[in-house]
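# Have a look; sequence and predicted model below, questions after that.
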Amino acid sequence: MSFNVAGILSKEFTCIPEILSRYLGKFYSNALCNGCTWLFIIWYVLHSGIDYALNELFRKMKYKEYSRTRLKHSLWYLGFYCTAFIYTGATIFQNKVDVLGFRKVHLPSQADVTDLVIGFLVLFSFFLHSAFWEVMEYNLKAAFLSYILLCSIFLVSLFLRILEVAFTLTAFVSITQVSIESSKLLYIVTKQNKSYMRVVVLVFFGLSLCSFVISYLIGVPLIFLIPFGRRIISYHPPVGYMFFTILLGSWYISEINNSPLFKLIAHWLFHTEKSSDCCGELIECSMFPPRDDIAFNLLQLRKEIKEREERMLALRKQSRKGMLAQTIKCMVNLKRKIHAKRAASEKSSEKDSEESSESCELFKGNESEVSKSETERDDETESCDENKRLLNESNYQNVYIENETENENGESSEEIIYEDRIKEDHEAVNKQHEEIQEGESSKSAENVEEPLLGQVNDD
């Protein structure tokens, strides 16, 4: 089994290990590089599985989205830092590292190298995984920078053969993180409706701040920063120690900037109710990053919309005198428009009445003319009928005379000539009668059409 593990760790999958061994030489180990790669993958798979299981569990327990995210984050780091504190404390105790000897210069110790290297691999791979997890899942760039600087400190301590410094630093970090994550869990789980629960949460938060002050503001400067700074100033050590000190100072500044104490001061000085970076309460804003869930974003959008509406109303708002003058002007303009509309409507009604009376008069005149033409036409038709009747009587008399003369004496030339003249006269009378009727009909049609066309044009 040990042979198989050693073979997996020494297996080179790419040309990267060869390049690193060429340029780093004795500071590089192929087994360490492969072991760190496999541990990084294991940490990622383990973290993803635990994160999914906790999310489903808290969803069934009806926790909100932002509460589930905070609970998963706190439980994961609480479990790791508890284990890391126990392991690093045991390693420091077994190797008899003088933690309080901050005036002495840190030198490579004669500790068991195998245990330290295994611990180095576990811690380094976890911090590297945490750096990428924080920036990908939660978009926490400050945490990413802090973890990357801590990984760099571990690498440089490996090259300088001072791994006990990295382990001591991890023990101090673990103490603070355990207290902070415990207070976070207590704040999320407890319902702070009652006063004694608020007191309990406040006490735990105060203890976490005390542990941070002891570890970071007292322990790290006295045990790490001051001894290495004195070594750089007094003994002029190699470049590696200077680089290690610079990394240590950068990591310390990033941790202070991302600490609950710094957030507490920033909240007290700068945060207001309208600031988007503030979570609301003092303890919540100090321990947790700003919310980024869907419900919170929708709430922020609604607040922004209300603020914009209030600003627009404030810009549109005028003084009372100006409003009064504007209303009076509007009323006067409305009255003018109403009077103008009424006058226009009265004028249009008068025009319509005049046009209707004119059309009625024209229609009456046309009716009288038509009646006159009809009476004249009737008189003419009666005269024509009388002429026809006289002609018919004369024809009957002539025919009777002709018949009697034919029976008595035969046909005579004078009677024949008289008969022809009578026929010609009869035809002339008929033609005159027809011409008279045609003239009367044409006149009557013209008299009727002219007034009707006039009315159409007027309309």
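Here it is on my side, so go on.
# where does the stretch 251-400 of the chain have low pLDDT?
Applying pLDDT under 70 to the stretch 251-400 of the chain flags residues 272-277, 279, 316-324, 351-400.
# Do a quick rundown of the helices in it.
260-269, 282-287, 294-316, 320-408 (DSSP state H, counting those that start in this stretch).
# Confirm for me that Arg231 is in contact with Pro237.
Yes. Arg231 lies in contact with Pro237 (CB atoms under 8 Å); the separation is 5.5 Å. Every residue, glycine included, has its C-beta placed from N, CA and C.
# From Phe288, how far out is Trp268?
If you measure Trp268 against Phe288 using CB to CB, to the nearest Å, the figure is 16 Å.
# Those two: which is more packed in?
Neighbour count, other CB atoms under 10 Å: between Trp268 and Phe288, Phe288 has more, with 19 against 11.
# What score does Val105 have for pLDDT?
Val105 carries a pLDDT value of 45.
# Please name the residues that touch Gly79.
Gly79 sits next to no residue when contact means CB atoms under 8 Å, 6 or more residues apart in numbering.
# And it, which helix or strand is it part of?
Element membership for Gly79, per DSSP states H and E: helix 65-95.
# quick one, helices of the stretch 1-150 of the chain?
Taking DSSP H, counting those that start in this stretch as the test, the helices found in the stretch 1-150 of the chain are 2-10, 16-24, 30-60, 65-95, 113-133, 141-159.
# who are the neighbours in contact with Tyr147?
127-128, 130-131, 134.
# same thing but at 7 Å, please
Applying CB atoms under 7 Å, 6 or more residues apart in numbering to Tyr147 gives the contacts 127, 130-131, 134.
# what does Ile283 give?
Counting by CB under 7 Å, 6+ apart, Ile283 touches 187, 201, 205.
# which ones among those are found in strands?
Among these, no member falls in strands (DSSP state E).
# In a markdown table: those, plus neighbour count, pLDDT and distance to Tyr66.
A markdown table is the format used below for the contacts of Ile283 (neighbours: other CB atoms under 10 Å; pLDDT from 0 to 100; distance: CB to CB, whole Å):
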| residue | neighbour count | pLDDT | distance to Tyr66 |
| --- | --- | --- | --- |
| Tyr187 | 22 | 92 | 13 |
| Val201 | 18 | 91 | 17 |
| Phe205 | 22 | 93 | 19 |
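# Return the closest of those with respect to Ile175.
When those are ranked by distance to Ile175 (CB to CB), Phe205 comes first, at 16.0 Å.
# Could you report the separation of the closest one from Pro289?
As judged by CB to CB, Phe205 and Pro289 stand 16 Å apart.
# Also Val200?
Noted for Val200: a distance of 23 Å to Pro289, by CB to CB.
# Name the residue in these two with the higher neighbour count.
A count of neighbours by other CB under 10 Å puts Pro289 above the other of Val200 and Pro289, at 19 against 14.
# Just confirm that one contacts Leu140, I think it does.
Yes. Counting by CB atoms under 7 Å, Leu140 is a contact partner of Pro289 at 6.2 Å.
# for Lys141, what are its contacts?
Contacts of Lys141 (CB under 7 Å, 6+ apart): Val135.
# er, Cys82 actually
Counting by CB under 7 Å, 6+ apart, Cys82 has contacts Val178.
# which residues touch Asn333?
Counting by CB under 7 Å, 6+ apart, there are no residues that Asn333 touches.
# Quick one: the contacts of Tyr147 as a markdown table, columns for neighbour count too.
Shown next, in a markdown table, are the contacts of Tyr147 (neighbours: other CB atoms under 10 Å):
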| residue | neighbour count |
| --- | --- |
| Phe127 | 23 |
| Ser130 | 22 |
| Ala131 | 20 |
| Glu134 | 20 |
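# Tell me the one of those residues nearest Phe296?
Nearest to Phe296, judged by CB to CB, of the contacts of Tyr147 is Glu134 at 19.4 Å.
# Surely that closest one touches Leu145?
No. Contact criterion CB under 7 Å: Glu134 and Leu145 do not qualify, at 9.7 Å.
# what helix or strand does Ile226 sit in?
helix 226-235.
# Next, the buried residues of that helix.
Under the neighbour-count criterion of 16 or more other CB atoms under 10 Å, helix 226-235 has 227-228, 231 buried.
# Same question for stretch 73-86.
For stretch 73-86, a neighbour-count test (16+ other CB under 10 Å) marks 73-78, 80-81, 84-85 as buried.
# got it, and stretch 341-353?
Neighbour-count burial for stretch 341-353, counted by 16+ other CB under 10 Å, picks out no residue.
# Over to stretch 85-95?
85, 87-89, 91-92, 95.
# Over to stretch 218-225?
So for stretch 218-225, counting by 16+ other CB under 10 Å, buried means 219-220, 223-224.
# quick check: domain ranges of the protein?
Listed by automatic domain parsing, the domain ranges of the chain are 2-258, 320-458.
# Considering the ones you listed, which stretch scores lowest in mean pLDDT?
Among the domains of the chain, domain 320-458 scores lowest, at a mean of 60.
# Next secondary structure after the helix or strand hosting Leu209?
Per DSSP H and E, Leu209 falls inside helix 195-212. Downstream of helix 195-212, the first helix or strand assigned by DSSP H and E is helix 220.
# Mind giving me the packing neighbours of that next one?
Using 3 or more CB pairs under 7 Å, 6 or more residues apart in numbering; DSSP states H and E, no helix or strand is in contact with helix 220.
# which residues touch that helix?
172, 252.
# where does Pro290 fall, phi/psi-wise?
Backbone torsions of Pro290, given as degrees, to the nearest 10, read phi -60, psi 150.
# Quickly note the distance from it to Leu140.
Distance of Pro290 to Leu140, computed by CB to CB: 10 Å.
# neighbour count winner among those two?
Between Pro290 and Leu140, Leu140 has the larger neighbour count (other CB under 10 Å), namely 18 against 11.
# Relative to Gly89, how far out is the more buried one?
28 Å.
# and if you look at Leu123?
According to CB to CB, Leu123 and Gly89 sit 13 Å apart.
# Could you do Pro227 as well?
For Pro227 relative to Gly89 (CB to CB), the value is 21 Å.
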